[in-house]
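Undergrad: okay, predicted coordinates and the sequence, questions at the end:
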Amino acid sequence: MKSVLVAPSLLASDFSRLADEVRSAEAAGADWLHLDVMDGHFVDNISFGPAFVQAAHAAATVPIDVHLMISRPDHYLTRFTSIAANITVHVEAEHDVRKTLAAIRGAGCTAGLALSPPTNIEAVHSYLTQIDLLLVMTVNPGYGGQSFIPEMLAKVEQLATWRAELGLDFHIEVDGGINASTSMVCRQAGANVLVAGSSVFGSMDRAAAVAELRKPI
């Protein structure tokens, strides 16, 4: 079993107190910090861009996990490579997926690939040897605070099966509606990286919330 990593999503934080929120998440036990970059085109929301990610990076001591929910990740990629440890792009976006993944790794970051709920899991199979992380969106991307879609567990299970069959070692990350109960079923299915927004930043005791996400299966 791969180690469980908790990546609080700064989309759910108080943007006006970003540095404090970063430190609070780290003090609560965050392994990574997750940042959702949205362009208002690939998803129907605009979040923040490189300057915000840079500010989070400057305040952080843990790795920055950037999720590009944008139409042209290949075009904007270099604006994030110096401030991210991992960069995840969508298989559904308008780019040459293989070239983008190679460019991420070539820039010294680990490479993630994401797929949205409507996308068949087969869409990512041919890229599994090129990635370090596979992100299964467990809500439709664009907004925080949505309810977990349990049907996505089958995708997590299939990825875990493929990973074992192919002898690979990529992380399986889940994002959307992750809390103490949904994290449990996701980990049982094979996920080991848990992106949690509201359940961490909305908690009065963030350390307890992070601990709940890690609770033994």
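TA: It's in. Numbering: from 1, shown residues only.
Undergrad: correct me, but D31 touches I64?
TA: No - D31 lies out of contact with I64 (CB atoms under 8 Å); the separation is 11.6 Å. (Glycine included, C-beta is placed from N, CA and C.)
Undergrad: more neighbours: these two, which one.
TA: I64 (23 against 18; other CB atoms under 10 Å).
Undergrad: ramachandran coordinates for the more buried one?
TA: phi -100, psi 120 (degrees, to the nearest 10).
Undergrad: which residues touch it?
TA: 32-33, 35, 53, 56-57, 83-86 (CB atoms under 8 Å, 6 or more residues apart in numbering).
Undergrad: pull out the buried members of those residues.
TA: 32-33, 35, 53, 56-57, 83-86 (16 or more other CB atoms under 10 Å).
Undergrad: strands of the chain, residue ranges please.
TA: Using DSSP state E, the strands of the chain run over 5-8, 33-38, 64-69, 86-90, 110-115, 133-137, 171-175, 193-196.
Undergrad: partner strands of the third one, parallel or antiparallel?
TA: In its sheet, strand 64-69 lies beside strand 33-38 (parallel), strand 86-90 (parallel), with partners assigned from DSSP bridges.
Undergrad: now the longest helix along the chain against strand 133-137, angle please.
TA: Secondary structure assigned by DSSP state H gives helix 153-166 as the longest helix of the chain. Here helix 153-166 runs at an angle of 160 degrees relative to strand 133-137 (axes from the mean of the first three to the mean of the last three CA atoms, to 10 degrees).
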